[in-house]
Each structure stands twice: as C-alpha cells, then as structure tokens.
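A.B. asks: kindly generate the corresponding structure for this input.
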Amino acid sequence: MFLGGALAGLALSASRASAAPTLRADDPRFGDVVEPGTPLRTLYAGGRWCEGLCYAAHLGGLIVSDVRANRMVRIADDGAVGVFRDPSNNANGNTLDAEGRLITCEHRGRRVVRREPDGRLTVLADSYEGHPLNSPNDAALAPDGAIWFTDPVFGITMPDEGLMAPPEQPARRVYRIDPASGRVEGMTDAVGQPNGIAFSPDGTQLYVSDTSAALKNPEGARAILAFPVREGRRLAPARIFATLEAGVPDGLAVDADGRVYAACFDGVRVHAPDGTRLGRIATATDAANIALGGPDGRRLFIGAGAVVHAIDLKVRGPARG
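C.D. replies: Here you go, the predicted model:
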C-alpha cells in the first residue's frame with residue numbers, strides 16, 4: 001500500500017513555477033510573518049482536492065491527502081512527487097504522533113489510523129459508544145501525546161469524498177485518543193461541523209474551525225473557535241476567535257509564536273494570538289489545508305484544490321517533542 005519514490009507510469013509532476021503572491025497586510029505585524037514580495041511556489045498541480053498536509057522528513061517530505069482522488073502523495077524537498085498510499089480510503093487529515101508516526105483520518109474507513117514503521121496500519125478509533133464515527137476529518141497532537149480529532153459528516157454526505165451513509169452518532173464531536181489507554185473520549189459537541197484543529201504552542205488553547213455553512217446552510221457557522229484547555233484535557237467553554245464573511249475556515253496551523261493560520265476561500269488568513277487579523281496570503285483557488293514545515297521549519301504549505309503551494313516565512317512552526 002505504501003510505495004517509496006515515484007510509481008512508474010503515474011502521470012504526476014511537480015511544477016516549480018513561481019509567482020508573487022498577493023500579500024495583504026491588515027496590521028503592521030504582518031511584516032514579522034512574511035517578507036513583502038516573497039514568491040508563492042506551486043509544488044504540485046495534479047490533484048483533485050488536496051488536503052491533509054503534513055511535513056515528515058523521515059517519510060520523504062510533504063505528505064498530501066488527495067481526498068477526492070482516493071490517494072496520498074509525497075512531495076520531496078527536491079520537488080519530486082510520488083505515490084505514498086493508493087487507495088487511501090479517502091484519507092483526509094494527517095499529523096505526526098509523539099513518536100513521529102503518521103496519524104491519518106479516513107473518510108471512507110470512518111476511522112483514525114496510525115502508520116507503523118513497517119507500513120502496517122493500526123486502527124486507533126473507529127467508533128464511539130458502540131456506534132461508527134461519522135467521518136474523521138483532521139487531527140492534532142497535544143503536548144501530553146494525546147491525538148485529538150474532529151468528526152463532521154462530510155465524508156458520509158459528499159459522494160466524492162467517501163461512502164454515503166446516515167450518521168450513527170447523535171452529534172459531531174471533537175474527540176481525544178488517550179496516549180496511555182487508547183481510550184476514545186468525546187470532548188465537546190459544541191461545534192456544528194468541526195473541521196480544522198490545532199493547539200497553541202503551550203497547549204492551553206485548542207482551535208477548531210466550524211464549517212457548518214459548507215453544508216448549503218447560509219445560516220451555518222463560519223468561524224474559528226478557541227477552547228481553553230484545563231489540566232491538559234478538559235475544555236472550558238469556547239470563545240469566537242475569528243469569523244468569515246464568506247466561505248468557511250478549513251485547515252488550521254499555529255506557528256511557534258502562537259499566530260493562527262486558517263485556510264479560507266480567499267487564501268490563508270493569519271491572526272495574532274489575540275484574534276487580531278494580521279493579513280492574508282492569497283491563492284487563486286479556495287485554500288483547504290495548510291501545514292508548517294520544510295527543512296528549516298519556516299515553509300508554509302497550502303493545499304488549494306488541485307494544487308499545493310509553498311511560501312517561505314520569517315517564522316517557524318512550533319517545536320515538537
């Protein structure tokens with residue numbers, strides 16, 4: 001299931017085309033994030049819907065879930081593109097656990113799996129209180145080693161992203177997988193359709209994007225919520241961290257200084273830790289997912305529909321371990 005290097009005969013290619021992005025500064029502090037005129041490079045243009053970005057040097061580079069193509073690809077630092085997993089069970093969100101193993105949310109499998117060093121898959125979560133999950137979407141590593149993930153219904157309601165099925169969970173929740181026992185715990189059902197998820201560097205804030213408006217519901221939420229985290233695992237009531245006037249916030253990332261990056265309909269919006277909008281990195285198509293990484297940790301990867309972009313920042317992603 002896991003192929004090293006490019007698969008012979010597969011028509012995948014990486015484009016290194018460069019173009020100056022539209023950098024819109026809403027606050028002077030945006031200049032601390034990215035240098036004006038920094039080019040936005042296109043690394044890959046052969047996808048259908050690129051999400052689940054996760055930089056893993058030990059796995060060969062950037063892992064990308066092409067959700068609607070039902071496969072995962074890997075983009076090496078030198079630009080080479082190859083198949084990582086095909087089929088992928090309509091894999092979506094990816095993250096690394098405390099030991100560097102790849103954690104993947106599968107729509108079609110309705111589960112969260114861990115890739116072992118030999119390539120085997122271990123199921124971490126596929127049900128809650130005796131019923132199948134909806135369609136795990138995105139995941140994040142907590143400072144205590146727990147994996148938190150979101151479970152909206154997109155993978156069971158959108159025909160090209162999974163298998164259609166009625167929800168068997170009475171709510172759309174954020175879950176926690178305990179690192180010691182493996183127990184799956186429901187942490188909150190206060191988010192209509194929880195999607196992107198990320199922790200602040202110190203683990204005291206959990207950010208979750210609510211994409212309820214994506215289900216043809218004009219009154220649905222289109223916001224990023226911030227939950228205070230108590231004692232490493234309990235969530236206090238959320239506050240609205242940021243809202244959108246159109247589209248929905250999707251994937252989230254946080255840098256080493258606590259700034260929050262959100263993939264949105266008009267590119268990547270960057271917010272200060274207090275919620276102030278600092279600026280935007282524009283993309284020609286809707287941005288769906290983002291990740292910080294690269295050889296020096298300063299590269300922002302952006303999944304925007306069929307393409308994956310990258311832009312080098314002045315700041316790093318949070319330290320791991």
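
A.B. asks: from Thr204, how far out is the closest residue to Val307 other than its chain neighbours?
C.D. replies: Distances taken as Cβ to Cβ, 6 or more residues apart in numbering put Ala45 closest to Val307, at 4.8 Å, once the chain neighbours are dropped. (Glycine included, C-beta is placed from N, CA and C.) Separation of Ala45 from Thr204 (Cβ to Cβ, to the nearest Å): 39 Å.

A.B. asks: the more surrounded of the two?
C.D. replies: Using other Cβ atoms under 10 Å as the criterion, Ala45 and Thr204 rank with Ala45 on top: 17 against 14.

A.B. asks: these two touch, right, that one and Gly305?
C.D. replies: No - using Cβ atoms under 8 Å as the test, Ala45 is too far from Gly305 to be in contact (9.7 Å).

A.B. asks: any weak-confidence spans in this protein?
C.D. replies: 1-21, 320-321 (pLDDT under 70).

A.B. asks: all helices of it, in order?
C.D. replies: 154-157 (DSSP state H).

A.B. asks: and the closest residue to Ala284 other than its chain neighbours, how far from Ala165?
C.D. replies: In space, and not counting its chain neighbours, Ala284 is closest to Ala304: 7.3 Å by Cβ to Cβ, 6+ apart. Counting by Cβ to Cβ, the separation of Ala304 from Ala165 is 29 Å.

A.B. asks: neighbour count: these two, which is higher?
C.D. replies: More neighbours surround Ala304 than the other of Ala304 and Ala165, with 23 against 14 (other Cβ under 10 Å).

A.B. asks: these two touch, right, the more buried one and Ala288?
C.D. replies: Yes - counting by Cβ under 8 Å, Ala304 does reach Ala288; the two are 6.7 Å apart.

A.B. asks: list the buried residues for stretch 118-130?
C.D. replies: Residues of stretch 118-130 classed as buried: Leu121, Leu124, Ala125, Tyr128 (neighbour count, 16 or more other Cβ atoms under 10 Å).

A.B. asks: that one: how far from the chain's middle?
C.D. replies: Remark: stretch 118-130 is offset 19 Å from the chain centroid, using Cα atoms, centre = their mean, to the nearest Å.

A.B. asks: could you work out the end-to-end span of stretch 271-283 for me?
C.D. replies: End-to-end distance of stretch 271-283 (Cα to Cα, to the nearest Å): 17 Å.

A.B. asks: got a list of contacts for it?
C.D. replies: Residues outside stretch 271-283 that contact it (Cβ atoms under 8 Å, 6 or more residues apart in numbering) are 21-27, 29-30, 33-34, 40, 200, 224, 226, 241-242, 257-262, 266-270, 300, 302, 304, 309, 311.

A.B. asks: redo that, cut-off 7 Å
C.D. replies: Stretch 271-283 is contacted from outside by 21-27, 29-30, 33-34, 241-242, 258-260, 266-270, 302, 304, 309, 311, using Cβ atoms under 7 Å, 6 or more residues apart in numbering.

A.B. asks: swap in stretch 170-184?
C.D. replies: Stretch 170-184 has contacts (Cβ under 7 Å, 6+ apart) with 124-125, 128, 134, 144-153, 185-189, 191-194, 197, 208, 233.

A.B. asks: same question, stretch 287-294
C.D. replies: 49, 51-55, 62, 250-251, 253, 255, 261, 263-264, 267-268, 299-304, 317.

A.B. asks: contacts only, for the residue nearest to Ala284.
C.D. replies: Residues counted as contacts of Ala304 (Cβ under 7 Å, 6+ apart) are Thr283, Thr285, Asp286, Ala287, Ala288.

A.B. asks: measure the second one to Ala180 for me?
C.D. replies: Noted for Thr285: a distance of 42 Å to Ala180, by Cβ to Cβ.

A.B. asks: do the same with the third one
C.D. replies: Taken as Cβ to Cβ, the spacing of Asp286 relative to Ala180 amounts to 39 Å.

A.B. asks: between these two, which one's more packed in?
C.D. replies: Under the criterion of other Cβ under 10 Å, the comparison of Asp286 against Ala180 puts Asp286 first, with 17 against 8.

A.B. asks: ok, the more buried one - contacts?
C.D. replies: Applying Cβ under 7 Å, 6+ apart, the residues near Asp286 are Gly247, Phe265, Ala304, Gly305.
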